[in-house]
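Asker: Build me a model from this:
(4 chains)
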Number of protein chains: 2
Amino acid sequence: MRSAIRKPQAMNADQRLFLTDEQLRTGIELMFFAYRDFTGDPDRILDERGYGRAHHRAIHFIRHRPGITVAGLIDVLSVTKQSLNRVLRQLIEDELVTQTVGETDRRQRLLHLTEKGEELEALLSAPQRERLRRAFLTAGPDAVAGFREVLLEMMDDGARRHLGGGAGRAQDDEERRG
Amino acid sequence: MRSAIRKPQAMNADQRLFLTDEQLRTGIELMFFAYRDFTGDPDRILDERGYGRAHHRAIHFIRHRPGITVAGLIDVLSVTKQSLNRVLRQLIEDELVTQTVGETDRRQRLLHLTEKGEELEALLSAPQRERLRRAFLTAGPDAVAGFREVLLEMMDDGARRHLGGGAGRAQDDEERRG
DNA sequence: ATTTCTAAGTCAATAAGACTGACATAAAAC
DNA sequence: GTTTTATGTCAGTCTTATTGACTTAGAAAT
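Answerer: Numbers count the residues shown, from 1 in each chain, chains lettered A, B, ... in the order given. Down below sits the predicted model:
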């Protein structure tokens, strides 16, 4: 028995495929820690202003999908109308978000950020962008491509259409859905 | 098939460095969607049993750092004693977690999962492992390496020592801290 | 034109999960 | 023997989210 030395052939299929228990567990923990720290910075800024993470999410998607409807935002965020409404009411009251009546369908309320809203959005996303920027720069382009691929694969099929940018405009999808 | 179209045009430094506004924004949204869907499966299982995400986190880290102290768990999770205590009380009451008095320091309560606890942990992590496994397999080993690098870089410096596996054992750190 | 459906908004009640602050106990450290 | 540490607990608060019921306005269908 040659038990002393581990030959490369001794690796099973899952090990060669980087799918060991250890690596999957590390993946789970990476998601937990990275997400927590990623949201930590804006959370602190929001807290000072009496807002929460829900406000950030609304502000983010209104900023990047200007003119999105309330129903569209509910769909992207996967929250209930009641949850979103409370958040939206505050943001409108505080003059960070405006509503305009839809042109083709006047029941719709099209959402936009005010200047004040844009300012807060920039302030909130700055630390996240900086964190990503630093991580991307350190890890390099190939690592970034891998990061994007894996996260994209981890998403539910239905959620992928909400992703703006590289994989098709979400706004178009939403308008098509009407 | 997701990164199909790429226009070969003039790129500035940031674009070559994959640090365009667009790519940073997509990174932000990937984190949001992937994390939400990643936690969605266990959330449903927890819900059926009257537990929440906080219970899952406790169970996960007790499973993978058996004998961890209450203070150690508070440190890893970055929650308050009061928050953790409510969760822990339920898990002990429901016989998923046991406490044993520390041998060297009898003030400490060393946490372990019972068989029942191990079963629930396996049930909760199964969909997450499967999701990761599928994503890793589809994206390939290089992408997985990139995923890990970027997430690791995104974490706060202080959090990195809590990561088990590839980058040093967290358990040792915790024991050293005592 | 009337009915029906849809988009949005609101009220009420509930719950998980987190927080702060205050306080208690037991054991270790000095 | 005093102080510090580890744990546990009580009380109160806050944010986010839920479900359910109901209203208003406008669009669509007949």
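
Asker: Stretch A:118-132: which residues count as buried?
Answerer: Residues of stretch A:118-132 classed as buried: A:120-121, A:124-125, A:127-129, A:131-132 (neighbour count, 16 or more other Cβ atoms under 10 Å in any protein chain shown). Just so you know, the C-beta spots here come from the backbone N, C-alpha and C atoms, and that holds for glycine as well.

Asker: touching DNA strand D at all, it?
Answerer: No - interface with DNA strand D: stretch A:118-132 contributes nothing (Cβ under 7 Å from any atom of the strand), its closest point being 11.9 Å away.

Asker: next one: stretch A:83-98
Answerer: Yes - using Cβ under 7 Å from any atom of the strand, stretch A:83-98 reaches DNA strand D at A:83, A:86-87.

Asker: How far off centre is that stretch?
Answerer: 20 Å (Cα atoms, centre = their mean, to the nearest Å).

Asker: ranges for the strands of chain A?
Answerer: Per DSSP state E, chain A carries strands over the ranges A:68-69, A:97-101, A:109-113.

Asker: highest average neighbour count across those strands?
Answerer: Neighbour counts (mean count of other Cβ atoms under 10 Å in any protein chain shown) averaged over each of the strands of chain A peak at strand A:68-69, with a mean of 23.

Asker: tell me what it is packed against?
Answerer: With contacts defined as 3 or more Cβ pairs under 8 Å, 6 or more residues apart in numbering or on different chains; DSSP states H and E, strand A:68-69 has these neighbours: strand A:109-113, helix A:170-177.

Asker: so who does the closest residue to A:T100 other than its chain neighbours touch?
Answerer: With sequence-adjacent residues excluded and distances taken as Cβ to Cβ, 6 or more residues apart in numbering or on different chains, A:T100 is closest to A:L110, at 4.8 Å. If you count contacts by Cβ atoms under 8 Å, 6 or more residues apart in numbering or on different chains, A:L110 has them with A:67-69, A:99-102.

Asker: thought A:Q90 was touching A:H55?
Answerer: Yes - between A:Q90 and A:H55 there is a contact under Cβ atoms under 8 Å: 7.1 Å.

Asker: what's the single longest helix in chain A?
Answerer: Ranked by residue count under DSSP state H, the longest helix found in chain A is helix A:21-48.

Asker: If we go by neighbour counts, what in that one is buried?
Answerer: A:23-39, A:41-43, A:46.

Asker: still on that earlier bit, lowest average confidence across the helices and strands packed on strand A:68-69, which one?
Answerer: Across the helices and strands packed on strand A:68-69, helix A:170-177 has the smallest mean pLDDT, namely a mean of 38.
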